[in-house]
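Trainee: Sequence plus predicted model, see below.
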Amino acid sequence: MSRPGFAYDFPHSSLLSVGDLNPLDVSMIFERASLHFDANRRKEPRERTLDGLAVVNLFFENSTRTLASFEMAAKRLGADVINFSAGSASISKGESLADTALNLNAMNPDVMVVRHNAAGAAAYFAKVTGAAVVNGGDGAHEHPTQALLDAFTLTRHWGDIGGKRICIIGDILHSRVARSNISLLNLLNAEVRLCGPATLLPADADRWGVTVFHDLDEALEGCDAVMALRMQKERMSGGLIPSDREFAALYGLNHARLDVASPDCLVMHPGPMNRGVEIDGALADDPERAVIMEQAEAGVAIRMAILELITGRASNQRYVDDGTGDGA
Ligand code: NCD
């Protein structure tokens, strides 16, 4: 085995966008998350690597699993956690986002996790405060921890994602999950397909390094994984699709529709699911196919890894072989 060539430190103190990460960053996150995933499953207590740190979860938009997942991740590693959610935040009393950000930052939290319905909100928080910020979902823009937990779930099944064919189905237009997943899957050299009605696909989607389909049978051909997305009606301004029933008939996933996919095709959904619309209940509950609960499980491990790495509390360094074999 050749000796390491140079040391690489995890270079980020915030996580705002998948676009900030390189493949080495991703593999550092996955390595750490893998330890946590196994230990969480065995219910082993974790080392309190975030002891003495305060994590503030600022959720201006409703959330169940993402907020619970960040809270569990931070607490499992010994951080103090403060949650502000939609109704409780002073924003509802007319305060500007900048004032909210500055006031919370004045209390010196170590990490702020921000979810907001405006694209760019997490980056704005980071800019105004200079604090460590994790983007917990900003409008229809990005949801980087969701993409990381999705890709991590796939690597647990496949080892490498490179060359695998993954299809994201449904309301891509309003989906931050889709945008972050497309970036990350492209970075990891997967083949990405998008499928949905033209009204729910961005006009420039063909420039995203993906293949766009409107016919589900064509899109599912030979897929190694499929990801169903709900219609995010809270972000739709007009009637973009005719009805839930019609959407289900054309784009709803079920066992029969997967006949053209790879025999081991994995079925994913970020939640919340609308059973009978974008996914059939029997498929969502099929342990041979669906990895939906594993995605939720992986979410805690991924967020544990992110919190440790951005705060410099985990082993933050990796030795990279420079190819000369005579490294440092
Ligand atoms: C997603 C989100 O909030 O963007 N959910 C999640 O974080 N698991 C997807 C959605 O709301 O449909």
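Mentor: Ah, there it is. Being a predicted model, the structure only gives us computed values, none of them experimental.
Trainee: For the residue lying closest to residue 18 once chain neighbours are set aside, give me its contacts.
Mentor: Closest residue to residue 18 in three dimensions, ignoring its sequence neighbours and counting by CB to CB, 6 or more residues apart in numbering: residue 183, at 4.1 Å. (Glycine included, C-beta is placed from N, CA and C.) For residue 183, the residues meeting the contact criterion (CB atoms under 8 Å, 6 or more residues apart in numbering) are 17-19, 147.
Trainee: list the helices and strands the helix or strand of the chain with the lowest mean pLDDT packs on?
Mentor: In the chain, no helix or strand scores lower on mean pLDDT, DSSP states H and E than strand 317-320, which sits at a mean of 83. Applying 3 or more CB pairs under 8 Å, 6 or more residues apart in numbering; DSSP states H and E, we find strand 317-320 packed against strand 6-9, helix 23-41.
Trainee: Using CSV, list the CA coordinates for the first one.
Mentor: Translated: strand 6-9. Once non-C-alpha atoms are left out, strand 6-9 reads as follows in CSV (Å, rounded to 0.1, in the frame of the first residue of the first chain):
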residue,chain,number,x,y,z
PHE,A,6,-1.2,14.9,1.4
ALA,A,7,-3.6,15.7,4.2
TYR,A,8,-7.0,16.9,3.2
ASP,A,9,-9.1,18.7,5.8
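Trainee: Given it, what are its sheet partners and their directions?
Mentor: The strands beside strand 6-9 in its sheet (DSSP bridges) come out as strand 317-320 (antiparallel).
Trainee: Identify each buried residue in the strand it pairs with, please.
Mentor: Burial within strand 317-320, assessed by neighbour count using 16 or more other CB atoms under 10 Å, is assigned to residue 318.
Trainee: Now find how far off-centre it is within its chain.
Mentor: Here strand 317-320 shows a centroid-to-chain-centroid distance of 25 Å under the convention CA atoms, centre = their mean, to the nearest Å.
Trainee: A strand includes the residue nearest to residue 18, no?
Mentor: No - under DSSP: H, G, I helix; E, B strand; the rest coil, residue 183 falls outside any strand and is assigned helix.
Trainee: what about it, distance to the ligand?
Mentor: Here the criterion is CB to the nearest ligand atom, to the nearest Å. By it, residue 183 lies 15 Å from the ligand.
Trainee: Would you mind giving the helices and strands packed on strand 317-320 as CSV with mean neighbour count added?
Mentor: Compiled in CSV, those are given as follows (neighbours: other CB atoms under 10 Å):
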stretch, mean neighbour count
strand 6-9, 12
helix 23-41, 18
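Trainee: ok, residue 248 touching residue 275?
Mentor: No - with contact defined as CB atoms under 8 Å, residue 248 and residue 275 do not form a contacting pair (10.0 Å).
Trainee: Now do the residue nearest to residue 18 against residue 269, distance only.
Mentor: Note on residue 183: its distance to residue 269, by CB to CB, to the nearest Å, is 19 Å.
Trainee: try residue 161
Mentor: Using CB to CB, one obtains 18 Å as the distance from residue 161 to residue 269.
Trainee: of the contacts of residue 183, closest to the ligand?
Mentor: Looking at the contacts of residue 183 and their distance to the ligand, the nearest is residue 147, at 10.5 Å (CB to the nearest ligand atom).
Trainee: Helix, strand or coil: sort out residue 168 for me.
Mentor: Criterion first, three-state DSSP; result for residue 168: strand.
Trainee: in the stretch 201-328 of the chain, which ranges drop under the pLDDT threshold?
Mentor: Applying pLDDT under 70 to the stretch 201-328 of the chain flags residues 238-242, 324-328.
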